[in-house]
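*Asks:* let's see this in three dimensions:
(2 chains)
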Amino acid sequence: MLMYMLKRIASALLTLLAMSALIFVMVRLVGDPAHLLMPPEATDADRALFRQQLGLSDPMPIQYARFLAGLVKGDFGNSFHFGVPALSIVLVRLGPSLTLTLAAMAAALLVGVPLGIASAVWKGRLVEHVMKCFSVAGQAAPPFFFALLMIRFFSVKLGWLPTSGYGGWRHLLLPVLALGWYSAAGLARLTQANLLKVLGSEYILVARLKGVPERHVVLGHALKNALLPIVTFAASQFGILIGGAVSIEAVFAWPGFGSMMVESINQLDFTVVQAAVIVSTLLFILINLAVDVLYAWLDPRIRYGH
Amino acid sequence: MRNLASFRFATLALTSALLLATGLARATPQTPAVDRDTLVVGVEKEFQNLDGLVTISGDSLRYGWQIYDTLYGFDLNGNLVPRLATQVKISSDAKTYTYTLRQGVKFQNGAAFTSKDVKASLDHILDPTAKSTRRPFFAPIVDTVETPDPYTVIFKLKSPDGAFPNKIAGYLYIIPADYLASLPNADAFAQAPISLGPYRVKKYTPGGNELVLERFDGFWGPKPKIKTLIFKAITEPSSRVNAILRGEVDVSAVLPSSAYEQLKKEPGLDVIAVPVAAPLYIRIYTNDPASPLSKREVRQALSYALDTQAIIKGVLHGVGEPLGTFISKYYPYGGDPALRPYPYDPKKARQLLASAGYPNGFETTLNVQGDLPKELSEAVVAYWAQVGVKVKLNLLSYSAFQRLNNTHASGPLALSQFTNALYDPIHPVGGAFAKGGSWSDYENPEVEALLTQLSSATGAHARGPLFQKIGQILHDDAAGIFLSENFYIYAKKKDVLWDAQKGSGFFNFRTVSWR
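*Replies:* Just a heads-up that it's a prediction; the model follows:
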């Protein structure tokens, strides 16, 4: 197991290194901050001086070496725009994003999985129709579309909830609904499909023949085996939502990670983009680790370290 | 089949939800979002850097005039008015500017304001480690700054600059010398900026989307009527509309023109369209003799081929105004309201193209600055196609466009917009239509002669007529394709007493109050 953990850590570090190199080069291909930030009146000499102050005039390998040296100390450099450490900008945005994503995922799991189970057990009955309707609606329209409709209805017309902003649970409700619905839709269908497949397998038949109560058959025997793909799906959704809920963050003026990333790319704030990508890579690595641990717990046949 | 049925049911449910949503009417709350001591403003961009001497105008124009003060400033229409200085003496060669400072003025940290602060402020701009985007405006022209006594500052310039007073008013925010010297580095000022404006920073987190200012009771001028000014960044335009409809903000800024008519119907709101003197226009690379665009007749033909009235009505939802030349009439001087725009006359356009040697039109490319409505460029392309000019549309992101634009590579046609920070037309004209201008690919000896006169002409009376002449030449020569005046749309609650700043994108909340 120790060997396995060491391998995991080594591969994580390699991933980080590769990502850091990739983003370092890519972000520099997007544009030149000296053109975006300096006024048109600036001369070439002005721009050169500006680049030099930002450390952009050295050859790229030297810039990268300096970046790596900083990275080891946890120093991502200062944001070109804010003049404060890039990491602090990223961390300010990570909190609200985690809140939103965790709440949306929790809601999606609480609604999507039971709905999927119910529609597998009572296939062809009303509950399945409700589930299908729920998931078609959830996946057919992009979340921001629902978001705008819900804001119009619940906030502007009825005045029940704030239209946008970051604050208490009332601010959280609509964005969670908009994001969570999308994920719940996928979860419900996936749960149903997997459960149906497992319920048709021989060991379930055996269990039923043995006289195991149906509730136990479904929740105890079948569900645990049907959960593997669901865990994978939920984990990937989680990762996607943290950085990819850009439209929802924009519509709700939610100070999240995704919108910050887009903004810093548009503003050519290289250091912030680099810090954001590294932090989100790290998050993905952690999520994957958590998923692997869950796998081993769910399916005893999976053993790591061999 | 079942899926299809579910889908139908889903669409039905959605449609009914929509109908229900639009059917229920609820009046916009007119009470303050917080209280009568507080104003909440929804703005279109997040705050990046609070050092108004360093960051670009596109960032600082929201908070700049609230937190900072300048030697001279601009009134609501952009006329120069004395602020921290009481008068300015200008030498006849427009090379020496002597400002007499107001006495007894205190900074937000209690320090007394003197001439050394003015010098320190300019030095902060010139300091390369501060990475100021203002540096290019001052570094090439300022020779020395002298402070013979605490209340006199003399700027000596390397060459005459008639627009220098506007640069002082637009760019030189005054900050305290001793405080600046006490900071560990130039970047640190942005975290806790101090100046002499009517509000000071109360709460700001770099990377956050809210900026809270509070009234500075030691402000030398008329004190603000409200105690707290809150800027909330709501980047999505429709969300800024929703926020004012729900009453969560008291003023909502830079709203989409598509919402203009709807908002005007709201009984509790005032909707204001404010001219920003930033013409929406197509710049033409005229210097390439091989290009059809180097011919005046062709450029005039392209002007006649556009129904700008219809474009404004259809694309900009009526929030626009045709314009005759590059110099907006909303500048305090230099614009010419009498100058008529090119009328829509496709027949004449075809004639001109034919006589220029292009009876069947020609092919060209239009590069578009990414933050402008896509439909605008599409409409232009469609109109030009009617007279045989085929245009390849190249929609670029804002930063990609700037890079091309600043390196003279956005041609042969570039659709763009430029908001001035100076209230003097030299800023855009010098950049776009002067020999060697930052983006200019246009050269006209008559314009050059007038620009030379302008370099030493000071004051609105002297500069205005010269710029009007330039405006006329640019019109006659069809130096660019002038589409529309640009407007910012604001919505405010009826009880908010506020006049928006005209003729630039700057926010001015110095005199806002509740009824």
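*Asks:* would you map the helices across the stretch 101-250 of chain B?
*Replies:* B:115-126, B:135-138, B:164-171, B:177-182, B:237-245 (DSSP state H, counting those that start in this stretch).
*Asks:* and those helices as TSV, adding mean neighbour count?
*Replies:* Quick note: C-beta positions are derived from backbone N, CA and C, even for glycine. TSV is the format used below for the helices of the stretch 101-250 of chain B (neighbours: other Cβ atoms under 10 Å in any protein chain shown):
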stretch	mean neighbour count
helix B:115-126	20
helix B:135-138	23
helix B:164-171	24
helix B:177-182	15
helix B:237-245	25
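*Asks:* for the ones you listed, give me a markdown table that also has mean pLDDT.
*Replies:* Shown next, in a markdown table, are the helices of the stretch 101-250 of chain B (pLDDT from 0 to 100):
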| stretch | mean pLDDT |
| --- | --- |
| helix B:115-126 | 97 |
| helix B:135-138 | 91 |
| helix B:164-171 | 96 |
| helix B:177-182 | 97 |
| helix B:237-245 | 94 |
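*Asks:* columns distance to A:Q267 on top of those, output as JSON lines?
*Replies:* As requested, the helices of the stretch 101-250 of chain B are exported to JSON lines (distance: least, Cβ to Cβ, whole Å):
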{"stretch": "helix B:115-126", "distance to A:Q267": "21"}
{"stretch": "helix B:135-138", "distance to A:Q267": "19"}
{"stretch": "helix B:164-171", "distance to A:Q267": "21"}
{"stretch": "helix B:177-182", "distance to A:Q267": "26"}
{"stretch": "helix B:237-245", "distance to A:Q267": "19"}
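*Asks:* take those and lay them out in CSV including distance to chain A.
*Replies:* Converted to CSV, the helices of the stretch 101-250 of chain B look like this (distance: least, Cβ to the nearest Cβ, whole Å):
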stretch, distance to chain A
helix B:115-126, 11
helix B:135-138, 4
helix B:164-171, 10
helix B:177-182, 14
helix B:237-245, 4
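*Asks:* indicate which one of those helices is closest to A:M1.
*Replies:* Smallest distance to A:M1 across the helices of the stretch 101-250 of chain B (Cβ to Cβ): 49.9 Å, for helix B:237-245.
*Asks:* does any bit of the helix or strand following that closest one sit next to chain A?
*Replies:* Downstream of helix B:237-245, the first helix or strand assigned by DSSP states H and E is strand B:251-252. No: using Cβ under 8 Å from any Cβ of the partner chain, strand B:251-252 stays clear of chain A, coming no nearer than 10.8 Å.
*Asks:* strand B:251-252: what's the following helix or strand?
*Replies:* Taking DSSP H and E, what comes next after strand B:251-252 is helix B:260-264.
*Asks:* helices or strands up against that following helix?
*Replies:* In terms of contacts (3 or more Cβ pairs under 8 Å, 6 or more residues apart in numbering or on different chains; DSSP states H and E), helix B:260-264 is packed against helix B:237-245, strand B:269-275, strand B:487-493.
*Asks:* quick one: distance of the longest one to the chain centre.
*Replies:* Yep, that's helix B:237-245 we're talking about. 22 Å (Cα atoms, centre = their mean, to the nearest Å).
*Asks:* check what contacts that helix and list those residues.
*Replies:* A:148, A:151-152, A:155-156, A:163-164, A:250-253, B:28, B:42, B:44, B:232, B:234, B:249, B:251-256, B:259, B:262-263, B:266, B:269, B:491-493 (Cβ atoms under 8 Å, 6 or more residues apart in numbering or on different chains).
*Asks:* now that helix and strand B:487-493, what's the angle there?
*Replies:* 30 degrees (axes from the mean of the first three to the mean of the last three Cα atoms, to 10 degrees).
*Asks:* helix or strand for B:S377, which one?
*Replies:* Using DSSP H and E, B:S377 falls in helix B:374-386.
*Asks:* how about the residues of the stretch 51-200 of chain A near chain B?
*Replies:* So the stretch 51-200 of chain A meets chain B at A:52-54, A:78-84, A:88-90, A:92-93, A:129, A:132-133, A:136-137, A:140-141, A:148-149, A:151-153, A:155-159, A:162-166 (Cβ under 8 Å from any Cβ).
*Asks:* from the residues you listed, keep the buried residues only.
*Replies:* A:53-54, A:78-84, A:88-90, A:92-93, A:132-133, A:136-137, A:141, A:148-149, A:151-153, A:155-157, A:159, A:162-166 (16 or more other Cβ atoms under 10 Å in any protein chain shown).
*Asks:* restricted to helices, list the residues you listed.
*Replies:* In this view, these that belong to helices under DSSP state H are A:53, A:88-90, A:92-93, A:132-133, A:136-137, A:148-149.
*Asks:* okay if I get the residues you listed as CSV plus pLDDT?
*Replies:* Shown next, in CSV, are these (pLDDT from 0 to 100):
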residue, pLDDT
A:Q53, 88
A:S88, 93
A:I89, 92
A:V90, 93
A:V92, 92
A:R93, 92
A:K132, 89
A:C133, 89
A:V136, 88
A:A137, 86
A:L148, 90
A:L149, 90
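*Asks:* helix, strand or coil for the residue in the stretch 401-515 of chain B that chain A sits nearest to?
*Replies:* At 3.4 Å from chain A, B:S438 is the closest residue in the stretch 401-515 of chain B, using Cβ to the nearest Cβ. Classification of B:S438 using DSSP: H, G, I helix; E, B strand; the rest coil returns coil.
*Asks:* can you get me a residue count around it?
*Replies:* 19 (other Cβ atoms under 10 Å in any protein chain shown).
*Asks:* the contacts of helix B:237-245, buried ones only, as a ChimeraX selection?
*Replies:* Buried residues among those (16+ other Cβ under 10 Å), as a ChimeraX selection:
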select /A:148,151,152,155,156,163,164,250,251,252,253 /B:28,42,44,232,234,249,251,252,253,254,255,256,259,263,266,269,491,492,493
